[in-house]
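Engineer: here you go, sequence then predicted model.
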Amino acid sequence: MRDYSASPAYLYRPDALLVWKDPVVKERLSWYYSVMRDERPARFLIARSVESPVNPYESSLSLDELWEIHDELSEKFSELYGRVRREEIGANELDKPRWSYLDVKVAIAYRLAEPCRMCERRCGARRMSGEKGVCLVNGKCIVHSYFHHIGEEAPLVPSGTIFYGGCPFKCVFCQNHDISQERVDWGEAVTPVQLARIQEELRLTGARNINHVGGDPIPHLPFILDSLRHLNVNVPQLWNSNMYMSLEATRLLLDVIDIWLPDLKYGNNSCARRLSLVDRYWEVATRNIKLAHDAGDIIIRHLVMPGHVECCTKPVLEWIARNTPRALVNIMDQYRPEHLVLRHPEKYREIARRPTREEVEKAYRYAEELGIVYKPVS
Ligand code: SF4
């Protein structure tokens with residue numbers, strides 16, 4: 001086993017090592033922990049070893065036929081995944097078929113981009129023909145930067161983070177508005193093979209995981225899945241997203257992601273509409289987070305926003321306690337006015353300041369009353 005704890009990142013973040021002494025963290029993130037330590041193969045490697053009965057890239061196959069094959073292979077995946085979890089089968093014993101479950105996912109993902117319904121905006125852009133969607137992404141995978149991130153939650157650090165351009169949301173307070181909403185094209189267009197090489201470089205230099213973020217990774221799903229066909233290292237795949245995926249996109253991700261890092265920002269649709277310009281936020285985000293929770297390891301992030309403790313923080317924490325009891329929760333206090341809020345504070349008066357200590361303490365107190373585990377990752 002490679003010694004990933006040798007990274008200099010641990011000098012800055014000793015909690016990244018200490019956090020694993022917490023039995024609750026270790027139990028709730030047990031799958032991620034074993035892949036991180038190279039003790040088990042990541043899910044994408046298992047998906048890659050499940051044989052597809054057909055070449056899924058054959059254009060004569062309809063999308064419905066592909067989904068049918070996908071769902072049959074998903075059952076085979078579950079069986080094999082169970083055996084890997086129980087250590088009945090090791091990474092070296094996995095098959096290497098010509099066409100796999102992962103190939104079926106890749107073939108479906110490219111079809112979902114033309115017309116695009118990767119996220120619940122379902123804007124229908126013909127992306128593979130060069131058209132940009134509402135997220136400002138077309139048929140290119142745009143990477144703005146990648147590096148070992150040492151500011152993420154302790155179990156994730158150092159995190160091999162890849163920042164993609166574009167986002168289906170239009171948050172008026174976005175801290176990454178340059179890459180998500182304004183200069184989306186200024187990144188570098190990479191092929192799936194190049195994306196795989198980036199992931200290899202990050203892992204081989206000590207990253208505990210590959211953290212797909214942005215902007216948001218959703219528009220880049222076909223390229224990310226495609227990159228996993230070419231990835232030659234074992235590394236946990238982490239999905240760091242606003243979770244506004246369409247149900248189809250979520251289904252493609254479920255057997256591939258080893259650890260989920262979703263945002264649950266708003267506790268109702270009207271705050272989401274006003275501040276991120278999206279509809280049906282609550283239904284979509286909670287549907288996808290529930291599916292992710294039931295499928296794997298998860299750390300949910302909630303950003304405490306000034307003036308939004310009653311309308312957002314409370315319903316979010318209540319929902320988490322009721323629906324995702326295995327989740328670790330990062331209650332974030334680092335909100336600061338950015339982007340349009342900074343330019344037009346009179347329009348967004350309640351969020352044109354940082355949250356007060358009192359607001360953040362209230363969020364912590366409420367989480368504690370609900371029995372939510374937040375301290376090890378907040
Ligand atoms: S991912 Fe982008 S292009 Fe696709 S539906 Fe969403 S906004 Fe439209």
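Structural biologist: Looks like it arrived, so ask away. What you are looking at is a predicted structure, and each value in this text was computed from that prediction instead of being measured.
Engineer: burial count for the closest residue to Ile89 other than its chain neighbours?
Structural biologist: Leaving out its chain neighbours, the residue that sits closest to Ile89 by Cβ to Cβ, 6 or more residues apart in numbering is Arg83, at 4.8 Å. (C-beta placed from N, C-alpha, C; glycine too.) Residues near Arg83, counting by other Cβ atoms under 10 Å, number 14.
Engineer: check what pLDDT Arg83 gets.
Structural biologist: At Arg83 the predicted local distance difference test score is 98.
Engineer: from Ser129, how far out is it?
Structural biologist: Using Cβ to Cβ, to the nearest Å, we find Arg83 at a distance of 42 Å from Ser129.
Engineer: His293 now?
Structural biologist: 36 Å.
Engineer: these two: who's more crowded?
Structural biologist: Regarding His293 and Ser129, a neighbour count based on other Cβ under 10 Å identifies His293 as having more, with 19 against 11.
Engineer: got the contact list for the more buried one?
Structural biologist: Contact criterion Cβ atoms under 8 Å, 6 or more residues apart in numbering gives Trp260, Asn323, Thr324, Arg326, Ala327 as the residues in contact with His293.
Engineer: report the contact partners of the third one.
Structural biologist: Neighbour list for Thr324: Ile289, Lys290, His293, Ile298, Ile300 [criterion: Cβ under 8 Å, 6+ apart].
Engineer: the fourth one now?
Structural biologist: Applying Cβ under 8 Å, 6+ apart, we find Arg326 in contact with Arg28, His293, Ile298.
Engineer: repeat that with 10 Å
Structural biologist: When the contact criterion is Cβ atoms under 10 Å, 6 or more residues apart in numbering, the partners of Arg326 are Val24, Glu27, Arg28, Leu29, His293, Asp294, Gly296, Asp297, Ile298, Val373.
Engineer: what does the chain have sitting close to the ligand?
Structural biologist: With Cβ under 6 Å from any ligand atom as the criterion, the chain meets the ligand at residues 116-119, 121-123, 125, 127, 133-135, 137, 168, 218-219.
Engineer: in the residues you listed, find the pair that's most separated.
Structural biologist: Arg122 and Val137 (14.5 Å; Cβ to Cβ).
Engineer: and stretch 41-60, end to end?
Structural biologist: Using Cα to Cα, to the nearest Å, the gap from the first to the last residue of stretch 41-60 comes to 33 Å.
Engineer: no no, stretch 178-189
Structural biologist: Counting by Cα to Cα: the opening and closing residues of stretch 178-189 are 16 Å apart.
Engineer: any idea which residue sits dead centre in the protein?
Structural biologist: Within the chain, one residue has its C-alpha closest to the average C-alpha position: by Cα atoms, centre = their mean, that is Trp239, at 1.7 Å.
Engineer: mind listing what the closest residue to that one other than its chain neighbours touches?
Structural biologist: If the residues on either side of it in the chain are set aside, Trp239 comes closest to Ile257, at 4.6 Å by Cβ to Cβ, 6+ apart. Applying Cβ under 10 Å, 6+ apart to Ile257 gives the contacts 32, 42-44, 212, 236-239, 241, 250, 292, 295-298.
Engineer: could you pull up phi and psi at the residue nearest to the centre of the chain?
Structural biologist: Here is the backbone geometry of Trp239 (degrees, to the nearest 10): phi -110, psi 110.
Engineer: list the beta-bridge partners for it.
Structural biologist: Note on Trp239: beta-bridge partners His212, Trp260, judged by DSSP bridges.
Engineer: hang on, Pro345 in a helix?
Structural biologist: No. Read with DSSP: H, G, I helix; E, B strand; the rest coil, Pro345 is coil and lies in no helix.
Engineer: what is the neighbour count of it?
Structural biologist: The burial metric for Pro345, expressed as a neighbour count using other Cβ under 10 Å, is 13.
Engineer: check it and give its pLDDT.
Structural biologist: Per-residue confidence for Pro345 comes out at a pLDDT of 96.
Engineer: same check on Pro8?
Structural biologist: On pLDDT, Pro8 comes in at 75.
Engineer: with the one 10 residues further on instead?
Structural biologist: Turning to Leu18, the model gives it a pLDDT of 95.
Engineer: please spell out which residues along the helix or strand harbouring it are buried.
Structural biologist: Leu18 belongs to helix 15-18 when assigned by DSSP states H and E. If you call a residue buried by 16 or more other Cβ atoms under 10 Å, then helix 15-18 has these buried ones: Ala16.
Engineer: likewise stretch 231-245?
Structural biologist: For stretch 231-245, the buried set under the neighbour-count rule, 16+ other Cβ under 10 Å, comprises 231, 233-245.
Engineer: tell me who's in contact with the closest residue to Gly166 other than its chain neighbours.
Structural biologist: Spatial nearest neighbour of Gly166, excluding adjacent residues (Cβ to Cβ, 6+ apart): Val137 at 3.8 Å. If you count contacts by Cβ under 10 Å, 6+ apart, Val137 has them with 113, 116, 118, 125, 127, 164-168, 184-185, 214-216, 218-220, 223.
Engineer: Phe44 falls within a helix, correct?
Structural biologist: Yes. Using three-state DSSP, the assignment for Phe44 is a helix.
Engineer: OK, contacts around the closest residue to it other than its chain neighbours?
Structural biologist: Leaving aside its sequence neighbours, Phe44 sits nearest to Leu228 (Cβ to Cβ, 6+ apart; 4.3 Å). Under the criterion of Cβ under 10 Å, 6+ apart, the contact list for Leu228 reads 42-45, 47-48, 102, 105-106, 192, 195-196, 199, 210, 237, 256.
Engineer: which stretches in the stretch 201-350 of the chain count as strands?
Structural biologist: Taking DSSP state E, counting those that start in this stretch as the test, the strands found in the stretch 201-350 of the chain are 210-213, 237-241, 259-262, 297-303, 328-332.
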